[in-house]
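[1] structure for this input, please:
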Amino acid sequence: MKNKIIYSYFTDDDFLKISNAIKEAEKSTAGEIRVSIKENIPLSMGTTDIRRIAEKEFYKLKMNETRDATGILLLLILEQRSFYILADSGIHAKVGQGVWDNVRDKIQKDFRKGKFTEGIIKGVKKVGEILAKHFPIKPDDTNELSNEVAL
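    Predicted coordinates for the structure are as follows:
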């Protein structure tokens, strides 16, 4: 069965809650948030470096195609217990990686308690708050990327 491990951590209802949190967070920012959850690192990635994997997933999800380079990816790899937040160049120019590493560390506290959905939702909300300060929603803003969790 595909995604067997994922469903031992999450339910379809959890994915809906995460998608709704993304939709809510994006109401106040021009930023585009995506969450991707993988069971493990595919051999096709050719690397185990979490940043490189996040970069590959970022391009696979076409997050690099947003109007103002304001995509941000929250990537979770379950078997390796790895988590990374990767921001596009437009965001990175205003908000350094240290800010995202701090958010990641807070999310991981929930993960250590087994609260995966709660951790991701808190992370999405925090990312949304940070993005809203630097990239407020524009009058002509459109939702450029899906809010669904990528599996």
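[2] contacting residues for residue 60?
    Listed by C-beta atoms under 8 Å, 6 or more residues apart in numbering, the contact set of residue 60 is empty. C-beta here means a position set from N, CA and C on the backbone, and glycine is covered the same way.
[3] same thing but at 10 Å, please
    36, 150 (C-beta atoms under 10 Å, 6 or more residues apart in numbering).
[4] tell me how far it lies from residue 46.
    When C-beta to C-beta, to the nearest Å is applied, the distance between residue 60 and residue 46 equals 14 Å.
[5] likewise for residue 37?
    When C-beta to C-beta is applied, the distance between residue 37 and residue 46 equals 21 Å.
[6] more neighbours, the two?
    Neighbour comparison, residue 37 and residue 46: the larger count goes to residue 37, with 23 against 11 (by other C-beta atoms under 10 Å).
[7] that one and residue 148 touch, don't they?
    No: look at residue 37 against residue 148 with C-beta atoms under 10 Å: they stay out of range, at 11.2 Å.
[8] what is in contact with these two at once?
    Residues within reach of residue 37 and of residue 148 at once, by C-beta under 10 Å, 6+ apart, are 15, 18.
[9] is it true that residue 75 lies in a strand?
    Yes: when classified by DSSP: H, G, I helix; E, B strand; the rest coil, residue 75 is found to be part of a strand.
[10] and it, what pLDDT?
    Looking at residue 75, its pLDDT is 96.
[11] again with residue 1
    48.
[12] again, but for residue 81
    Note on residue 81: pLDDT of 86.
[13] where's the longest helix along the chain relative to the chain centroid, distance-wise?
    As far as residue count goes, and with DSSP state H defining each element, the longest helix of the chain is helix 116-134. Its chain's C-alpha centre lies 9 Å from the corresponding centre of helix 116-134 when counted by C-alpha atoms, centre = their mean, to the nearest Å.
[14] remind me what it packs against, helices and strands.
    The criterion is 3 or more C-beta pairs under 10 Å, 6 or more residues apart in numbering; DSSP states H and E, and the helices and strands that helix 116-134 contacts are helix 12-25, strand 32-38, strand 71-77, strand 82-87, helix 89-92, helix 97-112.
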